[in-house]
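1. next input, structure requested:
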Amino acid sequence: VGADVYARWKVYGECEEMQLHWGVALDHADEWLAPQLVGMDHIVPHGSWHYKDRAVRTPLVKVPEGRLQATMRVPGGGVLPVGVRFSLYHPGTDQWYPGGLGGNFFVPLKPIAEGLAAPRLQKSPSFTGAIDMSKMREDAGG
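-> Residues are numbered from 1 along each chain as shown. Below is the predicted model:
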């Protein structure tokens, strides 16, 4: 039985509300599959909801340190997605990060489970948002 794998998203800034809009990649990094349609509903964090059979929306919650955060747990011993593809959505302003058509991030999960170095956050070529990538990498340990 393999160990559980965790993915944690942290958002710093003045924002009081933010959501992850995400899907899983089962076979290759270019996929975006709704977890509920490919038998991965068990990894959807509590408080999340299905979005139009295309994605899941997960609210980031405020933690004592002042940042917004969400954690996903993939139980060991089951199917481990290649990774998670996501965008951040601010419902109050209807703004997406990264901006641009089709812009999103990808966080690989397989290297974590295989004991390899922590994965690097990857941004899509259409990235136009104002996100501090160096801070995100620092927080991820890379």
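2. which residues of the chain score low on pLDDT?
-> Low-confidence segments of the chain, defined by pLDDT under 70: 1-2, 99-102, 111-142.
3. so what sits opposite V24 in the bridge?
-> Going by DSSP bridges, V24 is paired in beta bridges with L33, V84.
4. quick one, what contacts Y89?
-> By Cβ atoms under 8 Å, 6 or more residues apart in numbering, the contact list for Y89 reads M18, Q19, L20, H21, R57, Q95, W96, Y97. Using the backbone N, CA and C atoms, a C-beta is placed for each residue, glycine as well.
5. that one: which element?
-> strand 83-90 (DSSP states H and E).
6. now the element after that strand, going C-ward?
-> strand 95-97.
7. which is the next helix or strand following that following strand?
-> Downstream of strand 95-97, the next assigned helix or strand under DSSP H and E is strand 105-108.
8. hmm, back to that, which among the contacts of Y89 end up buried?
-> The neighbour count (16 or more other Cβ atoms under 10 Å) marks M18, Q19, L20, H21, R57, W96, Y97 as buried among the contacts of Y89.
9. hmm, back to that, now tabulate the contacts of Y89 in CSV and tack on distance to A3.
-> As requested, the contacts of Y89 are exported to CSV (distance: Cβ to Cβ, whole Å):
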residue, distance to A3
M18, 29
Q19, 28
L20, 23
H21, 28
R57, 28
Q95, 36
W96, 33
Y97, 31
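10. of all the residues you listed, which comes closest to A70?
-> A70 lies nearest to L20 out of the contacts of Y89, by Cβ to Cβ, at 5.6 Å.
11. residues contacting the nearest residue to that closest one once chain neighbours are set aside?
-> Nearest non-adjacent residue to L20, counting by Cβ to Cβ, 6 or more residues apart in numbering: T58, 4.3 Å away. The contact partners of T58, by Cβ under 8 Å, 6+ apart, come to Q19, L20, W22, V44, P45, G47, S48, A70, M72.
12. in PyMOL, how would I select the buried members of those?
-> Those of the contacts of T58 that count as buried under 16+ other Cβ under 10 Å are selected in PyMOL with:
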select buried, resi 19+20+22+44+45+48+70+72
